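**Q** I would like to see how this sequence folds:
(one chain, ligands or ions: 1)
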Amino acid sequence: MGEAVAETVGERFRELYGAEPEGVWAAPGRVNLIGEHTDYNDGFVMPFALPHTAVAAVSRRDDGILRLHSADIGAGPVELRVADLAPGSDKAWTAYPSGVVWALREAGHELTGADVHLASTVPSGAGLSSSAALEVVVALALNDLYSLGLCGRQLARLCQRAENVYVGAPVGIMDQTASACCEAGHALFLDTRDLSQRQIPFDLAAEGMRLLVVDTRVKHSHSEGEYGKRRAGCEKGAALLGVDALRDVPYADLDAALERLGDEEEIRRLVRHIVTENERVERVVSLLESGDTRAIGPVLVEGHASLRDDFRISCPELDLVVDTALAAGALGARMTGGGFGGSAIVLVEAADVEPVTEAVRDAFAAAAFKTPRTFEAVPSAGARRVG
Ligand code: GLA
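**A** Numbering: from 1, shown residues only. Now for the predicted structure:
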């Protein structure tokens, strides 16, 4: 995110609030390469940051007022009192940034207010973590301005708490950690149990490949109830198996675990997805570390089948992207993110970008689906100060 954007956002801040911002920060959206719905099972994930970011120009205030403005919403700034912020009190877009202020204060950090102007290039409702980007950019700005000394993992935890408790969405920790901790040119191998992490070099261009993101433009916003059901089902599975989280079921013990679940058919499917998905993340990590990058393609395809058939969170549009891309020569493809719409990722040889993109577009036209939006995803930097 270049200085030009920082300047535009800073200028708008000046128009709105009549003074220079104290600083400008950026936090990216993400795509997840592999490891879906494993994060609330204490499992493994492997996201990387997109070049698309939420940018925030921010100044402190000392009168207990929080003013929030978004370039994407026409109206003037929303004014809130930090002392009045409480879970469930805010149902608008402002709940993401105000939830972060609430979570920081609840954790004992003295915040006396702020003026905030936000602008984002992360597509919303596309499964690319536009909400996490908003949370993390505000958290990082306040961390710097109020000298809170929190690291990326701590900020991610507080952002997740804002989303779980203040906004009321039962999400895991992947998106916020990806936005806070990813590094350019790398995918983030994250253990969501203790947030230990390893940056895995992921430079597809150097190896003659590309990773495409295909946004089906099916909004996934109605999926919250289904997400919560999957989460509850996984927790029930862990309880039935007598473990803290499904992460504790080793891949080698999967058959025995499924047998113990007897005729709990739905729980068996959820458990099978989580246990095999954790194994797929580990397989992708070792393939990438041994330089066998093309071999991750089939693992992505296995992951998609598991999300479609066992976890049951795909949709016709996502399946069509995957099937069409593979038929047109892609190395691998799968849905990414929470599911029920949003985006798929497609791994292709550089020379196949156009034919695969066209094949997907034609297939969507033939099925009378909305025209999908496709872009190339280059692993980019995590949250940072830009002005
Ligand atoms: C959403 C949630 C994440 C994660 C993914 C699925 O993006 O915010 O915590 O659970 O879905 O992997």
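
**Q** C-alpha from now on. contacts and neighbour counts both.
**A** Will do.

**Q** off-centre distance for stretch 309-318?
**A** 18 Å (C-alpha atoms, centre = their mean, to the nearest Å).

**Q** how about stretch 32-50?
**A** 9 Å.

**Q** that stretch close to the ligand?
**A** Yes. Applying C-alpha under 6 Å from any ligand atom, one finds stretch 32-50 touching the ligand at 36-37, 39.

**Q** do stretch 186-201 as well
**A** No. Stretch 186-201 is not in contact with the ligand by C-alpha under 6 Å from any ligand atom; minimum separation 9.9 Å.

**Q** tell me the buried residues in that stretch?
**A** 186-192, 195, 197, 199-201 (16 or more other C-alpha atoms under 10 Å).

**Q** first vs last residue of it, how far apart are they?
**A** Length of stretch 186-201, first residue to last, C-alpha to C-alpha, to the nearest Å: 4 Å.

**Q** avg pLDDT for it?
**A** Per-residue pLDDT over stretch 186-201 has a mean of 98.

**Q** show me the strands in the stretch 151-300 of the chain, by range?
**A** Secondary structure of the stretch 151-300 of the chain (DSSP state E, counting those that start in this stretch): strands located at 186-191, 196-201, 209-215.

**Q** checking my notes, residue 346 in a strand, right?
**A** Yes. Judged by DSSP: H, G, I helix; E, B strand; the rest coil, residue 346 forms part of a strand.

**Q** contacting residues for it?
**A** Contacts for residue 346 (C-alpha atoms under 8 Å, 6 or more residues apart in numbering) come out as 211-214, 322, 325, 330-334.

**Q** turn the buried residues of stretch 186-201 into a markdown table, including distance to residue 274.
**A** Listed next are those as a markdown table, based on distance: C-alpha to C-alpha, whole Å:
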| residue | distance to residue 274 |
| --- | --- |
| 186 | 24 |
| 187 | 20 |
| 188 | 19 |
| 189 | 16 |
| 190 | 15 |
| 191 | 14 |
| 192 | 13 |
| 195 | 18 |
| 197 | 19 |
| 199 | 23 |
| 200 | 22 |
| 201 | 25 |
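
**Q** farthest-separated two in these?
**A** Spanning the widest gap among the buried residues of stretch 186-201 are 192 and 201, at 19.6 Å by C-alpha to C-alpha.

**Q** please identify the residues of the chain in proximity to the ligand?
**A** Counting by C-alpha under 6 Å from any ligand atom, the chain comes close to the ligand at 36-37, 39, 171-175, 337-338.

**Q** the stretch 51-200 of the chain: helices as residue ranges?
**A** Taking DSSP state H, counting those that start in this stretch to define them, one finds helices in the stretch 51-200 of the chain at 95-106, 130-145, 152-161, 174-181.

**Q** in a markdown table: these, plus mean neighbour count and mean pLDDT.
**A** A markdown table is the format used below for the helices of the stretch 51-200 of the chain (neighbours: other C-alpha atoms under 10 Å; pLDDT from 0 to 100):
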| stretch | mean neighbour count | mean pLDDT |
| --- | --- | --- |
| helix 95-106 | 24 | 98 |
| helix 130-145 | 26 | 98 |
| helix 152-161 | 24 | 98 |
| helix 174-181 | 31 | 98 |
